[in-house]
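Q: Make a model of this:
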Amino acid sequence: MPPEKLIDGKAFAEGLRKQIAAEVQVLRDQHGIQPGLAVVMVGEDPASDVYVRSKCKQTGECGMLSVERRLPADTSENELLLLVEALNKDPAIHGILVQLPLPRHINADRVLNTIVPEKDVDGFHPVNVGLLSTGGQALVPCTPLGCSLLLKDRLGDMSGMNAVVIGRSNIVGKPMAQLLLKENCTVTLAHSRTRDLPAVVKAADIVVAAVGIPQMVKGEWIKDGATVIDVGINRLPGSAEGKSRLVGDVETAEAAKHAAGITPVPGGVGPMTIACLLRNTLTACKRLHGLED
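A: Now for the predicted structure:
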């Protein structure tokens, strides 16, 4: 991919973390406040374990209080709810994240909805969902927030642009559409069952692919000069025996022939997610203390 077409999420996330660390230091020096993030994990899911370790490590590196609560897989739903309620009341904790997936005997929606909206740094609580859709002061889900920051950095004013979001999940697709509407884009929320999806994508100035199907979006679907954000992370068999490779939801090499800018996989949206989790924790801390965000 030509360097001028690369939207480098890894580099952007590094810069964002440095900015967050500087603001955390100001909070500590001027107000005696240290933002605190609590991450709760139930069970021993290997992928979740790697992710939680990375979150906690980066939280500490930014000067925040990092609290990790690991519970056995047989923890009851009531025990988990009691822990969440205790974190809700803890003045040292400004952000609460319950790592998904949870064991099957626990109702994830009930647990996530128990987190007070002001500390819901994942942005999944119905109150935050409603505030985002009505233009209120919401905590925004981390992945779409990261996509939005990359787009604004690349394009500046997006008013009037045609944007297509492929994927209608509550975690990425729907909040992404709301963020693009907030930027005055004309937004189409498409999905795997959209009729003539190639033609819909071909009309877009901005394409955000978050459908979870490896390389579903073909290069020839992309309009010349469009900007492509690939949220997908899919593992496919590699060329060597026992090896695998990561690909996105977009056929990157072919799409790059048409796009003016495109995120790689890996190294695009992925690093932005944790950086935006830290950003949300800082935001939640400032709001809870009545400070300007």
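Q: From H94, how far off is the nearest residue to E292 once chain neighbours are set aside?
A: Residue nearest to E292 in three dimensions, not counting chain neighbours: K286, with 6.9 Å by Cβ to Cβ, 6 or more residues apart in numbering. C-beta coordinates here come from the backbone N, C-alpha and C atoms, glycine included. According to Cβ to Cβ, to the nearest Å, K286 and H94 sit 9 Å apart.
Q: Wait, A256 touches T263, no?
A: No: applying Cβ atoms under 8 Å as the test, A256 and T263 come out as separate, 10.4 Å apart.
Q: Those two: which is more packed in?
A: When neighbours are counted by other Cβ atoms under 10 Å, A256 and T263 differ, and T263 comes out ahead with 32 against 20.
Q: Not counting its neighbours along the chain, what's nearest the more buried one?
A: I7 (4.6 Å).
Q: Kindly report the same for P271.
A: Nearest non-adjacent residue to P271, counting by Cβ to Cβ, 6+ apart: A13, 3.9 Å away.
Q: Check what pLDDT the residue nearest to E292 gets.
A: Listed pLDDT for K286 reads 98.
Q: Spatially central residue for the protein, please.
A: T143 (1.4 Å; Cα atoms, centre = their mean).
Q: looking at this, that one is in a strand?
A: No: according to DSSP: H, G, I helix; E, B strand; the rest coil, the state of T143 is helix, so it is not within a strand.
Q: circling back to that earlier point, from R28, how far off is the residue nearest to E292?
A: Distance from K286 to R28, by Cβ to Cβ: 13 Å.
Q: quick one, which of these two is more surrounded?
A: Legend: neighbour count by other Cβ under 10 Å for K286 and R28, higher for K286 (18 against 14).
Q: Determine the number of other residues adjacent to R168.
A: The burial count for R168: 18, using other Cβ under 10 Å.
Q: Tell me if I'm right that it and K174 touch.
A: Yes: between R168 and K174 a contact is recorded at 6.1 Å, counting by Cβ under 8 Å.
Q: and the next element down the chain from the longest helix seen in the chain?
A: Scanning the chain for the longest helix, with DSSP state H as the assignment, gives helix 9-31. Downstream of helix 9-31, the next assigned helix or strand under DSSP states H and E is strand 36-42.
Q: Just list what that next one packs against, helices and strands only.
A: Counting contacts by 3 or more Cβ pairs under 8 Å, 6 or more residues apart in numbering; DSSP states H and E, strand 36-42 packs against helix 46-61, strand 65-71, helix 77-89, strand 95-98, helix 270-288.
Q: so what strands line up beside that strand?
A: Sheet pairing of strand 36-42 (DSSP bridges) gives strand 65-71 (parallel), strand 95-98 (parallel).
Q: how about the longest one: buried residues?
A: Under the neighbour-count criterion of 16 or more other Cβ atoms under 10 Å, strand 65-71 has 65-67, 69, 71 buried.
Q: Give me the neighbour count for P101.
A: Residues lying near P101 (other Cβ under 10 Å) number 12.
Q: Surely it is within a helix?
A: No: counting by three-state DSSP, P101 is not found in a helix; it is coil.
Q: Give me the pLDDT value at it.
A: For P101, pLDDT reads 93.
Q: From what I see, it and A73 are in contact.
A: No: using Cβ under 8 Å, P101 makes no contact with A73, being 11.3 Å away.
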